[in-house]
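Trainee: One predicted model, sequence on top.
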Amino acid sequence: MIKLVVGAALGAAIGGWIGYASKCSGGGCPLMGNPAGGAMFGAVIGILMASSIAGRTSTSAVHSEHVIEVAGVEAFDALLKAHPVALVDFYADWCGPCRKLKPAIHELADTYEGRAAVLAVNVDRNRELAERHGVSGIPDVRVFKDGQEKKRFVGLGPKSQYSSAIDSLLAGE
């Protein structure tokens, strides 16, 4: 709400100044030809711009030190050997659904710390690994037990489906 008020005030100030500076005498520019019209027009533009900014959510603040960023095939294989249960998120930075999934992946990493590994594989930087596992759409989340893939989820899904898969593998099912 504060962003909208600030946007309206800033837009009105800029629009009013433009209206004052332009002083349309012919009457052909009623919105920006005087300070009052310019202020009203600027306020509307300011509100629209502020609402588009206010609607965006940032996931950059979501970060867990427990997510292991994989850097290559050898590292991936070693991590699967080292962790009996692992959730692997195949993603790309440009992928909108991947960015929406990121907070859930990081929360899962914190929740399962010490019991299951959470690995992140950037498919743009690890093409060989993505090809080896047949990743054709992202986000692609896989759950492994003892190095073998047990569950696969392609597309954006709720955090609960991933935690259920991890829980069932941890329970020995």
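Mentor: Done, it's in. Numbers count the residues shown, from 1 in each chain.
Trainee: hey, let's count contacts and neighbours off CA atoms from now on
Mentor: Fine.
Trainee: In which helix or strand does Glu128 reside?
Mentor: helix 127-132 (DSSP states H and E).
Trainee: what's next to that helix, contact-wise?
Mentor: Under the criterion Cα atoms under 8 Å, 6 or more residues apart in numbering, residues 72-73, 90, 123 lie in contact with helix 127-132.
Trainee: Just those: which are in strands?
Mentor: Phe90 (DSSP state E).
Trainee: Could I have the buried ones of the contacts of helix 127-132 as PyMOL selection syntax?
Mentor: Applying 16 or more other Cα atoms under 10 Å to the contacts of helix 127-132 leaves a buried subset, and the PyMOL line that selects it is:
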select buried, resi 90+123
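Trainee: In helices only, show me the contacts of helix 127-132.
Mentor: Members of the contacts of helix 127-132 lying in helices (criterion: DSSP state H): Val73.
Trainee: of the contacts of helix 127-132, closest to His66?
Mentor: Of all the contacts of helix 127-132, the one with the least separation from His66 (Cα to Cα) is Phe90, at 16.2 Å.
Trainee: does that closest one really touch Ile138, like I thought?
Mentor: Yes - between Phe90 and Ile138 there is a contact under Cα atoms under 8 Å: 6.5 Å.
Trainee: how about the nearest residue to Ala71, chain neighbours excluded?
Mentor: Excluding its sequence neighbours, the residue lying closest to Ala71 (Cα to Cα, 6 or more residues apart in numbering) is Asn126, at 7.1 Å.
Trainee: mind listing what's buried in stretch 106-125?
Mentor: Result for stretch 106-125 [16+ other Cα under 10 Å]: buried residues 106-110, 112, 116-123.
Trainee: Can you measure across it, start residue to end residue?
Mentor: 20 Å (Cα to Cα, to the nearest Å).
Trainee: Show me what that stretch is in contact with.
Mentor: Counting by Cα under 8 Å, 6+ apart, 62-64, 66-71, 83-93, 105, 129-130, 159, 163, 166, 170 sit against stretch 106-125.
Trainee: hmm, which of these are the buried ones?
Mentor: The buried subset of these - by 16+ other Cα under 10 Å - is 66-70, 83-92, 105, 129-130, 163, 166.
Trainee: Mark which of the contacts of stretch 106-125 are part of helices, please.
Mentor: Per DSSP H, those map to helices at 105, 129-130, 159, 163, 166, 170.
Trainee: now, which of the residues you listed sits nearest Leu79?
Mentor: Of the ones in helices among the contacts of stretch 106-125, the one sitting nearest to Leu79 (Cα to Cα) turns out to be Leu129, at 13.3 Å.
Trainee: Stretch 112-120: end-to-end distance?
Mentor: Stretch 112-120: ends 15 Å apart by Cα to Cα.
Trainee: Stretch 143-157 now?
Mentor: Using Cα to Cα, first and last residues of stretch 143-157 are 14 Å apart.
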